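1. starting from these lines, generate the structure:
(one chain, ligands or ions: 1)
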Amino acid sequence: MPPAARQLSLFPDRVTRERVLPVLGEQGDIRYFAARARGVLNDPRTTGIDGFWSVNPYVGCAFGCAYCYARYAHRYALERALAGDPAHEELGRMARELPPWLAFERAIVVKRNAPEVLARTLRDGPERFRALTRGDQIVIGTATDPYQPAERRFRITRGILEALAQHLDLSVVIITKSPLVTRDVDVLARLARHSRVQVHVSLITVDRELARRLEPRAPTPEARLRAVRRLHEAGVRVRVNAMPVLPGITDGAEQLDALVRSVAAAGADAIVAGSLALRSTARQRYLPFIAQEFPALAARYRATYARAHTAPERYRAGLKARVRTLCEQYGLPYGSWDDDAPREMSAQARVTRPGYAPSRAARRSQ
Ligand code: SF4
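-> Purely as a prediction, here's the structure:
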């Protein structure tokens with residue numbers, strides 16, 4: 001698909017055309033603002049991808065990954081919020097004083113009514129929503145992490161899952177870096193009774209210190225691997241997204257080996273890897289970050305991404321081949337899986353995987 005079309009999918013919903021309410025609360029240096037969303041389900045015409053609908057319970061993300069591609073959308077969200085309430089002192093101050101990439105992490109908009117709006121949309125929506133029961137995918141968390149710290153308090157993502165669980169034959173994907181998703185295994189199990197559900201846990205390295213530099217406020221790799229194990233043991237399909245693999249930083253042979261081995265041992269159903277793409281707004285944050293944190297790589301990055309937003313084809317193909325080889329070695333399916341059969345296949349692969357050992361909870365239930 002053309003890059004422009006792909007970028008459209010990152011725009012937040014029509015949330016902030018309405019008045020942003022007063023500050024909901026704060027957590028350290030993060031401020032939460034409440035907003036009433038008019039719509040939360042972005043259809044394929046908006047996402048630019050056939051068969052792909054997105055839902056983002058929040059605008060902005062406190063995890064602050066250096067490579068995050070979703071930062072740019074936040075500036076528009078704040079501008080629209082301020083258009084609705086130019087006198088909003090706190091939001092105005094943050095928009096004025098913080099660079100947009102930092103406001104993305106510090107000024108989080110909470111779509112308080114998202115579950116009700118979604119429930120109404122699915123119940124009373126027009127014919128086009130029928131596509132959702134004919135195989136179109138609803139992806140939660142394309143431009144924000146739906147289980148970032150805000151979710152512990154506001155529970156918007158949980159409410160969205162509850163609304164989806166009222167319907168049959170949906171296909172739902174949740175993308176997250178947070179073990180908080182395991183809080184909702186009860187709703188996920190209910191949803192999975194009548195719909196297809198997958199959780200995609202993002203993990204690019206098992207090196208804790210490196211992860212802290214790259215994703216300063218995201219949960220540790222160990223916490224994410226524990227979440228993979230819990231989800232799997234709860235019967236939820238779980239895939240690990242090793243994306244974006246960062247050239248020269250997380251793509252070493254030993255690093256990838258450790259990553260695939262750990263993911264296989266945690267009981268994931270599959271893994272998929274993809275190299276870094278740097279479109280203009282991600283570039284504005286990421287290249288200065290590299291210059292500061294990994295100065296020896298700065299020139300290489302500038303040269304590699306000077307003419308294109310992706311790594312060269314040869315690099316991408318080599319990365320995929322390497323991860324596929326590791327997957328064969330550790331008995332872990334690569335990429336997507338067929339929705340019906342492979343659960344069994346991957347269960348078989350799992351028990352023969354080197355290093356796989358059921359957790360204490362699983363052992364108790366066996
Ligand atoms: S968790 Fe995702 S949305 Fe949040 S900062 Fe990281 S890459 Fe961006």
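2. who are the contact partners of the closest residue to P247 other than its chain neighbours?
-> Residue nearest to P247 in three dimensions, not counting chain neighbours: A311, with 6.0 Å by Cβ to Cβ, 6 or more residues apart in numbering. All C-beta atoms are positioned from the backbone trio N, CA, C, and that covers glycine. Shown in contact with A311 (Cβ atoms under 8 Å, 6 or more residues apart in numbering): 247, 275-276, 304-305.
3. which pair of the residues you listed spans the longest distance?
-> For these, the farthest-apart pair by Cβ to Cβ is S275 and Y305; their separation is 10.8 Å.
4. nearest spatial neighbour of the residue in the stretch 251-366 of the chain positioned nearest to the ligand, skipping sequence neighbours?
-> The nearest approach of the stretch 251-366 of the chain to the ligand comes at A282, 9.3 Å away (Cβ to the nearest ligand atom). Distances taken as Cβ to Cβ, 6+ apart put Y69 closest to A282, at 4.5 Å, once the chain neighbours are dropped.
5. any idea how far V197 lies from A165?
-> To A165, V197 is 10 Å away according to Cβ to Cβ, to the nearest Å.
6. which one of the two has more residues nearby?
-> V197 (24 against 21; other Cβ atoms under 10 Å).
7. give me the mean pLDDT for stretch 92-111.
-> Averaging pLDDT along stretch 92-111 gives 85.
8. and that stretch, end to end?
-> The first and last residues of stretch 92-111 sit 19 Å apart, counting by Cα to Cα, to the nearest Å.
9. now swap in stretch 128-147 and tell me
-> 29 Å.
10. does it reach the ligand?
-> Yes - using Cβ under 6 Å from any ligand atom, stretch 128-147 reaches the ligand at 144-145.
11. make TSV out of the contacts of A311 and add pLDDT, secondary structure and distance to I49.
-> Converted to TSV, those look like this (pLDDT from 0 to 100; DSSP: H, G, I helix; E, B strand; the rest coil; distance: Cβ to Cβ, whole Å):
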residue	pLDDT	secondary structure	distance to I49
P247	97	coil	26
S275	96	strand	20
L276	96	coil	20
T304	93	helix	26
Y305	92	coil	23
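12. how about CSV for those residues, with neighbour count and distance to R96 added?
-> Converted to CSV, the contacts of A311 look like this (neighbours: other Cβ atoms under 10 Å; distance: Cβ to Cβ, whole Å):
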residue, neighbour count, distance to R96
P247, 18, 36
S275, 20, 36
L276, 24, 31
T304, 18, 35
Y305, 21, 31
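13. export the residues you listed as TSV, with columns for distance to the ligand.
-> TSV is the format used below for those (distance: Cβ to the nearest ligand atom, whole Å):
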residue	distance to the ligand
P247	17
S275	15
L276	11
T304	20
Y305	18
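14. adding distance to G141 as columns, could you present the residues you listed in JSON lines?
-> As requested, these are exported to JSON lines (distance: Cβ to Cβ, whole Å):
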{"residue": "P247", "distance to G141": "25"}
{"residue": "S275", "distance to G141": "21"}
{"residue": "L276", "distance to G141": "19"}
{"residue": "T304", "distance to G141": "28"}
{"residue": "Y305", "distance to G141": "25"}
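15. run a quick neighbour tally on the residue nearest to P149 when sequence neighbours are not counted.
-> Once flanking residues are discounted, P149 sits nearest to A62: 5.4 Å by Cβ to Cβ, 6+ apart. A62 sits with 21 neighbouring residues when counted by other Cβ under 10 Å.
16. which residues does F294 contact?
-> By Cβ under 8 Å, 6+ apart, the residues touching F294 are 248-249.
17. could you check how far it is from L246?
-> From F294 to L246 the distance is 9 Å (Cβ to Cβ).
18. can you name the residues of the stretch 51-200 of the chain sitting close to the ligand?
-> So the stretch 51-200 of the chain meets the ligand at 61, 63-65, 68, 70, 144-145, 177 (Cβ under 6 Å from any ligand atom).
19. 8 Å instead, please
-> The stretch 51-200 of the chain has residues 61-65, 67-71, 104-105, 141, 143-145, 148, 175-177 near the ligand, with proximity defined as Cβ under 8 Å from any ligand atom.
20. and F104, its phi and psi?
-> phi -60, psi -30 (degrees, to the nearest 10).
21. wait, doesn't it sit right on A66?
-> No - using Cβ atoms under 8 Å, F104 makes no contact with A66, being 12.0 Å away.
22. more neighbours: which of the two?
-> The residue with more neighbours, out of F104 and A66, is F104; 28 against 19, by other Cβ under 10 Å.
23. the residue of the stretch 101-250 of the chain at minimum distance from the ligand: what secondary structure?
-> At 3.9 Å from the ligand, D145 is the closest residue in the stretch 101-250 of the chain, using Cβ to the nearest ligand atom. Secondary structure state of D145, per DSSP: H, G, I helix; E, B strand; the rest coil, is coil.
24. show me what contacts it?
-> D145 makes contacts with 58, 61, 63, 175-178, 218, as judged by Cβ under 8 Å, 6+ apart.
25. could I get the full set of strands for the stretch 251-366 of the chain?
-> 270-275 (DSSP state E, counting those that start in this stretch).
26. dump the C-alpha coordinates for stretch 187-202 into PDB.
-> Extracted in PDB, the C-alpha atoms of stretch 187-202 (Å, rounded to 0.1, in the frame of the first residue of the first chain):
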ATOM      1  CA  VAL A 187     -13.200 -10.500  29.000                       C
ATOM      2  CA  LEU A 188     -10.800 -11.800  26.300                       C
ATOM      3  CA  ALA A 189     -12.000 -15.300  27.000                       C
ATOM      4  CA  ARG A 190     -15.600 -14.200  26.700                       C
ATOM      5  CA  LEU A 191     -14.900 -12.400  23.500                       C
ATOM      6  CA  ALA A 192     -13.000 -15.400  22.100                       C
ATOM      7  CA  ARG A 193     -16.100 -17.600  22.600                       C
ATOM      8  CA  HIS A 194     -17.800 -16.000  19.600                       C
ATOM      9  CA  SER A 195     -15.000 -14.100  17.800                       C
ATOM     10  CA  ARG A 196     -11.400 -14.400  16.800                       C
ATOM     11  CA  VAL A 197      -9.100 -12.700  19.300                       C
ATOM     12  CA  GLN A 198      -5.300 -12.200  19.100                       C
ATOM     13  CA  VAL A 199      -3.000 -10.200  21.400                       C
ATOM     14  CA  HIS A 200       0.200  -9.000  19.800                       C
ATOM     15  CA  VAL A 201       2.800  -8.200  22.400                       C
ATOM     16  CA  SER A 202       5.600  -5.900  21.100                       C
END
